[in-house]
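**Q** The following block contains a protein sequence and its predicted model.
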Amino acid sequence: MRRGNTLIHKMPVAKLEPQMRLGKTLYGTHGEVLLTRGSELGPEYVSALRERGFHAVYVQDGIADDVEPIGIISERLRVANVRNVQTLYELMSEATQDVRDQVAKEGAHVLPEVPLEIGEGITRQLQQLDKDAEALLGEGLETKTLAGIASLKKPRQLHVRALR
């Protein structure tokens, strides 16, 4: 990834080597700091990253160590969205437990006969998910990256029209 004239390296966790340093702070699903920027990535940290499902991380490259990569959405918004989706799944799991138990006991043929009760908690969480989607789109569209992508499309459209 290039930011101005500065290179920033995103590296697969499988290719991390001892002594490498983290280039961007990593957060857990509840917003907790897992590893801070500049942490040395020893074997125990690399193993923990794999176990937590990380596929790639930013590493310091000796060139742009003073620059922290900026994503399309903020870390705060990302963490809030992950937490809200997890809560929705937990609520749905609780709400459907009786139905799942009945299906396990009697077979899938009972599904059309079993009413699904969607409670107030699930309704609230679905409304929050809708707000989260709006926030993601809003924040994503404000970034210069997406604006740059949109600007690439305009000359091509003009060129196609000129050929007609």
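**A** Structure received.

**Q** ok, the closest residue to residue 119 other than its chain neighbours to residue 47 distance?
**A** Nearest-residue entry for residue 119: residue 95, 6.1 Å, with adjacent residues in sequence omitted and distances by C-beta to C-beta, 6 or more residues apart in numbering. In short, each C-beta sits where N, CA and C put it, glycine included. Note on residue 95: its distance to residue 47, by C-beta to C-beta, to the nearest Å, is 36 Å.

**Q** the more surrounded of those two?
**A** Here residue 95 and residue 47 are compared on neighbour count by other C-beta atoms under 10 Å; more neighbours surround residue 95, at 15 against 11.

**Q** now that one: how far from residue 77?
**A** In this view, residue 95 and residue 77 are 27 Å apart by C-beta to C-beta.

**Q** Verify the stated contact: residue 103 with residue 111.
**A** Yes: between residue 103 and residue 111 a contact is recorded at 6.3 Å, counting by C-beta atoms under 8 Å.

**Q** neighbour-wise, which of these two wins?
**A** In terms of neighbours (other C-beta under 10 Å), residue 103 is the more surrounded of residue 103 and residue 111; the figures are 15 against 12.

**Q** a helix runs through the residue nearest to residue 119, doesn't it?
**A** Yes: in this structure, residue 95 lies within a helix as judged by DSSP: H, G, I helix; E, B strand; the rest coil.
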